[in-house]
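Trainee: Attaching a predicted model along with its sequence, questions to come.
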Number of protein chains: 2
Amino acid sequence: MSEPKLNTSEVIAVASQLFWRDGYDGVSIDDVVQETGFNRYALYRAFGGKRDLFIAALDAYHQKGRALVMEAMADPNLTAFEALGSAISLKMKDDGMFAAGCLLCTTAVELAAHDEDVSRRVLGYFSEMKGMLGAVMARAQAEGELAPGRDSSEAAEVMFSIFLAIGVQARAGAARQDVEKMVHSAIASLRFGAQASVLALKADAAR
Amino acid sequence: MSEPKLNTSEVIAVASQLFWRDGYDGVSIDDVVQETGFNRYALYRAFGGKRDLFIAALDAYHQKGRALVMEAMADPNLTAFEALGSAISLKMKDDGMFAAGCLLCTTAVELAAHDEDVSRRVLGYFSEMKGMLGAVMARAQAEGELAPGRDSSEAAEVMFSIFLAIGVQARAGAARQDVEKMVHSAIASLRFGAQASVLALKADAAR
DNA sequence: AAAAAGCCAGAATAATCAATCAGATTTATC
DNA sequence: GATAAATCTGATTGATTATTCTGGCTTTTT
């Protein structure tokens, strides 16, 4: 009965979802056991302990998020800002998980504050994300959607803050449409001048 | 021994600090007892239970944050953006508490996700904050620091997101100077529109 | 001052949960 | 096919914690 052999990546995938939804303290090892069908002892053997499993799950979550942005950016039919918007929409699409916010945000708040090691890790992920967004902004600048005088890495920092704010507000229980509106405003505020963004929004609304 | 009479507002103030630093799950009633010197039973009598005490502490935290922005805004020597910057600096000044992030953020992530009641409360605080920031942005617009064509409440939403991002990154363990730089960039990005629009208006006038 | 009411302090209750263990069972090896 | 190794299962340990109880103490009331 139950899968005979422990599948590490399956456990990580399941644990990632559980931690994402319920937080570190909200998930017991028994939950993972119940959800995966693998037995407790095997989990301890494979991962060491709850915290280690969590870290593996966190890393998997980050890799997935990274891939999402990368893929959107690889589409040659989209401008940098369009690709960004597409990645964000995709991420927010899953109804069940929208309300869970973002595991990186949750971890930053819940665990990183009192765990030096997790803190370093989270800051590393943040930094990687900012780097990726920096590339997006640089491309946006090359495409003429970000003002030429603007520092693209500064714009990336702001954009990244918007990412975090999505995670917090979604998890707080905000309505999806409110969050979407906020994201729209933020992107508009990064794009060219204010007037240009107003025009863009009007165009969006008219569509 | 120990203060003879339980002082409700003192308990709330202490609890607020503890919850702020260690989160809801990170603080036990015993911690509050130890820190205030009042006895456990009296706390239960006065507040009902841990969750109720927390809610009182959360409310106190919000009121304090609100007052901070209000006071900065009342200074007639500062423009709206300057007042905002001043309020943010003041909030970030306390070294011990910078790393604790923002109790509203932490609560949004830790508790609101699974507590309907807390969620409503947090969203209410968020909404109040956004309203306040909307007034700031409207004043900034009147003062010519925010582009005339810009929707001030949209700008407020973006600014609010920056607030949340400060809380998350600080709590994740980010260096204060990095966070400060991000705030700077964000404010600049909101102001930038003004310059563009001023240029646009000048161009219009010259035409 | 006697009686009643409220209050204190620490013990007790009950629940949760990470981690370990020990005996039973399966799988691998020769 | 027998022996050794690995793995499973369920029980257990040990720690934490919110909340309540209890028996003594203090304050108030009559």
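Mentor: Sure thing, it's come through.
Trainee: Okay, now the unreliable bits of chain A?
Mentor: Within chain A, the segments meeting pLDDT under 70 span A:1-5, A:192-207.
Trainee: go again using 80 as the cut-off
Mentor: A:1-6, A:191-207 (pLDDT under 80).
Trainee: Near DNA strand C, which residues of it? Just list them.
Mentor: Within chain A, the residues that sit near DNA strand C (CB under 7 Å from any atom of the strand) are A:Pro4, A:Val27, A:Ser28, A:Ile29, A:Asp30, A:Arg40, A:Tyr41, A:Tyr44, A:Gly49, A:Lys50, A:Arg51. Where C-beta positions appear, they are placed from N, C-alpha and C, glycine not excepted.
Trainee: Let's see that with 6 Å instead.
Mentor: Applying CB under 6 Å from any atom of the strand, we find that chain A lies next to DNA strand C at A:Pro4, A:Ser28, A:Ile29, A:Asp30, A:Arg40, A:Tyr41, A:Tyr44, A:Gly49, A:Lys50.
Trainee: unless I'm mixing things up, the third one is touching A:Ala42, no?
Mentor: No: the pair A:Ile29 and A:Ala42 does not pass the contact test of CB atoms under 8 Å, sitting 11.4 Å apart.
Trainee: And for the closest residue to A:Val27 other than its chain neighbours, the neighbour number?
Mentor: Leaving aside its sequence neighbours, A:Val27 sits nearest to A:Leu18 (CB to CB, 6 or more residues apart in numbering or on different chains; 4.6 Å). Look at A:Leu18: counted by other CB atoms under 10 Å in any protein chain shown, it has 21 neighbours.
Trainee: How about A:Leu78?
Mentor: 15.
Trainee: what's the answer for A:Ala87, then?
Mentor: 21.
Trainee: Show me which residues of chain A sit near DNA strand D.
Mentor: A:Ser2, A:Leu6, A:Asn39, A:Arg40, A:Tyr41, A:Ala42.
Trainee: neighbouring contacts of the helix or strand containing the fifth one?
Mentor: Looking back up the chat, that one is A:Tyr41. Taking DSSP states H and E as the definition, one finds A:Tyr41 inside helix A:40-47. By CB atoms under 8 Å, 6 or more residues apart in numbering or on different chains, the residues outside helix A:40-47 that reach it are A:Leu6, A:Thr8, A:Val11, A:Ile29, A:Asp30, A:Val32, A:Val33, A:Thr36, A:Leu53, A:Ala56.
Trainee: Go again with 7 Å.
Mentor: A:Leu6, A:Thr8, A:Val11, A:Ile29, A:Val32, A:Val33, A:Leu53, A:Ala56 (CB atoms under 7 Å, 6 or more residues apart in numbering or on different chains).
Trainee: my guess is A:Ser185 meets B:Val158, correct?
Mentor: Yes: between A:Ser185 and B:Val158 there is a contact under CB atoms under 7 Å: 5.5 Å.
Trainee: who in chain A is up against chain B?
Mentor: Contacts of chain A with chain B, taken as CB under 7 Å from any CB of the partner chain, map to A:23, A:25, A:101, A:105-106, A:108-110, A:112-113, A:119, A:122-123, A:126, A:147, A:154-155, A:157-158, A:161-162, A:164-165, A:168, A:171-174, A:182, A:185-186, A:189-190, A:193-195, A:198.
Trainee: Mind checking which of these are buried?
Mentor: A:23, A:101, A:105-106, A:108-110, A:112-113, A:119, A:122-123, A:126, A:147, A:154-155, A:157-158, A:161-162, A:164-165, A:168, A:171-174, A:182, A:185-186, A:189-190, A:193-195, A:198 (16 or more other CB atoms under 10 Å in any protein chain shown).
Trainee: for the helix of greatest length in chain A, packing partners?
Mentor: Criterion DSSP state H: the longest helix present in chain A is helix A:116-142. Here helix A:116-142 touches helix A:50-74, helix A:80-93, helix A:103-110, helix A:152-172, helix B:152-172, going by 3 or more CB pairs under 7 Å, 6 or more residues apart in numbering or on different chains; DSSP states H and E.
Trainee: Between helix A:50-74 and it, find me the angle.
Mentor: Counting by axes from the mean of the first three to the mean of the last three CA atoms, to 10 degrees, helix A:116-142 lies at 0 degrees to helix A:50-74.
Trainee: Does the residue nearest to A:Val27 touch A:Val33 like I think?
Mentor: No: if you go by CB under 7 Å, A:Leu18 and A:Val33 don't touch, sitting 11.0 Å apart.
Trainee: Mutual contacts of these two, please.
Mentor: In contact with both A:Leu18 and A:Val33: no residue, using CB under 7 Å, 6+ apart.
Trainee: what's the spacing between A:Ala99 and B:Ala113?
Mentor: 7 Å (CB to CB, to the nearest Å).
Trainee: before we move on, what about A:Tyr44?
Mentor: For A:Tyr44 relative to B:Ala113 (CB to CB), the value is 28 Å.
Trainee: cool, A:Val69 as well?
Mentor: Relative to B:Ala113, and taking CB to CB, A:Val69 is found at 24 Å.
Trainee: Same question for A:Leu78.
Mentor: From A:Leu78 to B:Ala113 the distance is 32 Å (CB to CB).
Trainee: same check, this time on A:Thr8
Mentor: 28 Å.
Trainee: for A:Cys105, same thing?
Mentor: 11 Å.
Trainee: what does stretch A:54-72 contact?
Mentor: Applying CB under 7 Å, 6+ apart, the contact partners of stretch A:54-72 are A:12-13, A:15-16, A:19-20, A:24, A:47, A:83, A:86-87, A:90-91, A:103-104, A:107, A:121, A:125, A:132.
Trainee: Write the PyMOL selection for whichever of those are buried.
Mentor: Per 16+ other CB under 10 Å, the buried members of the contacts of stretch A:54-72 correspond to this PyMOL selection:
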select buried, chain A and resi 12+13+15+16+19+20+24+47+83+86+87+91+103+104+107+121+125+132
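Trainee: Got phi/psi on A:Ser28?
Mentor: Taking degrees, to the nearest 10, you get phi -100, psi 160 for the backbone angles of A:Ser28.
Trainee: Could you give the number of residues near it?
Mentor: A:Ser28 has 12 neighbours, counted by other CB under 10 Å.
Trainee: and what of the one 5 residues further on?
Mentor: Using other CB under 10 Å as the criterion, A:Val33 is surrounded by 17 other residues.
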